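*Asks:* no sequence for this one, just the structure:
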Ligand SMILES: C[S@@+](CC[C@H](N)C(=O)[O-])C[C@H]1O[C@@H](n2cnc3c(N)ncnc32)[C@H](O)[C@@H]1O
């Protein structure tokens, strides 16, 4: 019996795209439905916090959903083909290894031929600098990288060649939004084009979300998305979060999604979060070192006069063979 996840219909498209990009959507079966839920067949033991079910879903006639099946390249190079890609709006972003660069246009065309919703395919040669911007080259399709990405019914305008954006954090953004209580003041210190703020304002009723980013291109995209979604309680601010946060009101919740270095900004965030308030701290760590990291920040903050309780730690994704990206949910106790 195929294994599937039960996903609220409003989240279905976003989850489907994420499953495709991770290569774990079971395309041999039709997606089913059960009241307000979709039953999406997957090729994995679990996906996020979604409930699992075993349902006899209708078998689909096979079409080549995998671009590799329609791609014409020398057989000995097939093993190097990327197995996943990101889809941001109608832009596919793929990392093509050096040896396959002569075939980049063929790869782009193959990807588009099996994914009709892709307008253009961009090769990503890496994220660079503090602003985490990607170097992109169009390998197939038309137009530039600016696009409108949809996540849980929210439209996010972005250009991944100008501002960092991670479509794989959709489930995490929905999780944080589900924790927000009415009237909260929230600060997102490293907001990019404000996907956390946009999802939070759509799914919850905060009083205000301040979204800070030092990339001057981010604020313009946030302002356009605010208009597009008819949201009036996001304040985008350009600047260094360590300085900007000092001038903001105390917050019930602070989001720190800069997983390389966010912990070095804890000394700026802690004085701003109310006692009883929460910090979501994102961290890239060696798996074997995470427990030690959690102990260290608890001790360091205590020696600065603050008391914190780490109420939860979740692994979000693999970063390297030995490292993962984690989120630590921290409550300020004094
Ligand atoms: C990992 S991205 C987070 C993007 C966003 N949260 C998301 O989910 O797509 C980190 C962002 O932090 C910004 N950044 C880096 N250092 C900063 C600082 N000191 N103050 C404000 N923003 C900063 C970068 O420009 C980048 O957009």
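*Replies:* Everything's here; your move. Keep in mind the model is a prediction, meaning the values are calculated, not measured.

*Asks:* quick check: residues of this protein near the ligand?
*Replies:* Of all the residues in the chain, those in contact range of the ligand (C-beta under 6 Å from any ligand atom) are 130-132, 163-166, 169, 190-192, 195-196, 212-215, 240-242, 257-258. All C-beta atoms are positioned from the backbone trio N, CA, C, and that covers glycine.

*Asks:* next step: these restricted to strands.
*Replies:* Among the residues of the chain next to the ligand, the members falling in strands (DSSP state E) are 212, 213.

*Asks:* out of the residues of the chain next to the ligand, list just those in helices.
*Replies:* Within the residues of the chain next to the ligand, membership in helices is found for 195, 196, 241, 242, as judged by DSSP state H.

*Asks:* farthest-separated two in those residues?
*Replies:* The most widely separated members of these, counting by C-beta to C-beta, are 195 and 242 (21.7 Å).

*Asks:* the more surrounded of these two?
*Replies:* residue 195 (27 against 15; other C-beta atoms under 10 Å).

*Asks:* any figure for the gap between that one and residue 235?
*Replies:* Computed as C-beta to C-beta, to the nearest Å, the residue 195 to residue 235 distance reads 16 Å.

*Asks:* dump the residue contacts of the closest residue to residue 135 other than its chain neighbours.
*Replies:* The spatially closest residue to residue 135, leaving aside those adjacent along the chain, is residue 125, at 4.6 Å (C-beta to C-beta, 6 or more residues apart in numbering). Going by C-beta atoms under 8 Å, 6 or more residues apart in numbering, residue 125 touches 95, 134, 135, 136, 137.

*Asks:* now do the helices in the stretch 51-200 of the chain.
*Replies:* For the stretch 51-200 of the chain, helices defined by DSSP state H, counting those that start in this stretch occupy the ranges 104-114, 170-179, 195-203.

*Asks:* equivalent analysis for the stretch 201-334 of the chain, please.
*Replies:* Using DSSP H, counting those that start in this stretch, the helices of the stretch 201-334 of the chain run over residues 216-228, 241-244, 266-269, 290-303.

*Asks:* roughly how far is the second one from the heart of the chain?
*Replies:* It refers to helix 241-244. The chain centroid and the centroid of helix 241-244 are separated by 23 Å, computed with C-alpha atoms, centre = their mean, to the nearest Å.

*Asks:* what does the first one give?
*Replies:* Distance of helix 216-228 from the chain centroid (C-alpha atoms, centre = their mean) equals 18 Å.

*Asks:* again with the longest one
*Replies:* Here the centre of helix 290-303 is set off from its chain's centre by 26 Å, with C-alpha atoms, centre = their mean.

*Asks:* ok, residues contacting it?
*Replies:* Counting contacts by C-beta under 8 Å, 6+ apart, the residues touching helix 290-303 from outside are 263, 266, 270, 281, 283, 285, 307-308, 310, 313, 324, 326, 328, 330.

*Asks:* what's the pLDDT at the nearest residue to residue 69 once chain neighbours are set aside?
*Replies:* The shortest distance from residue 69 to any non-neighbouring residue, by C-beta to C-beta, 6+ apart, is to residue 114 (7.7 Å). Predicted confidence (pLDDT) at residue 114: the value is 92.

*Asks:* what's the answer for residue 76, then?
*Replies:* On the pLDDT scale, residue 76 is placed at 94.

*Asks:* and what of residue 15?
*Replies:* 88.

*Asks:* that one against residue 5, yeah?
*Replies:* Yes - using C-beta atoms under 8 Å, residue 15 is in contact with residue 5, at 7.5 Å.

*Asks:* overlap in contacts of those two?
*Replies:* With contacts defined as C-beta under 8 Å, 6+ apart, the residues shared by residue 15 and residue 5 are 40, 47, 50.

*Asks:* of all the residues you listed, which comes closest to residue 11?
*Replies:* Looking across the shared contacts of residue 15 and residue 5 and measuring by C-beta to C-beta, the closest to residue 11 is residue 50, at 8.8 Å.

*Asks:* contacting residues around the closest one?
*Replies:* Shown in contact with residue 50 (C-beta under 8 Å, 6+ apart): 5, 6, 7, 15.

*Asks:* again, only using 10 Å
*Replies:* Residue 50 is in contact with 4, 5, 6, 7, 8, 11, 15, 37, 40, 42, 171, counting by C-beta atoms under 10 Å, 6 or more residues apart in numbering.

*Asks:* and the first one, how close does it get to residue 39?
*Replies:* The reference is to residue 4. Separation of residue 4 from residue 39 (C-beta to C-beta): 5 Å.

*Asks:* hmm, back to that, I'd like to know which of the ones in helices among the residues of the chain next to the ligand is nearest to residue 57.
*Replies:* residue 195 (31.0 Å).

*Asks:* tell me if I'm right that the closest one and residue 209 touch.
*Replies:* No - the pair formed by residue 195 and residue 209 falls short of the contact definition of C-beta atoms under 10 Å, at 11.3 Å.

*Asks:* how is this protein carved up into domains?
*Replies:* For the chain, automatic domain parsing gives the domain ranges 3-54, 67-145, 162-332.

*Asks:* just put those domains in CSV and tack on distance to residue 155.
*Replies:* As requested, the domains of the chain are exported to CSV (distance: least, C-beta to C-beta, whole Å):
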stretch, distance to residue 155
domain 3-54, 12
domain 67-145, 9
domain 162-332, 5
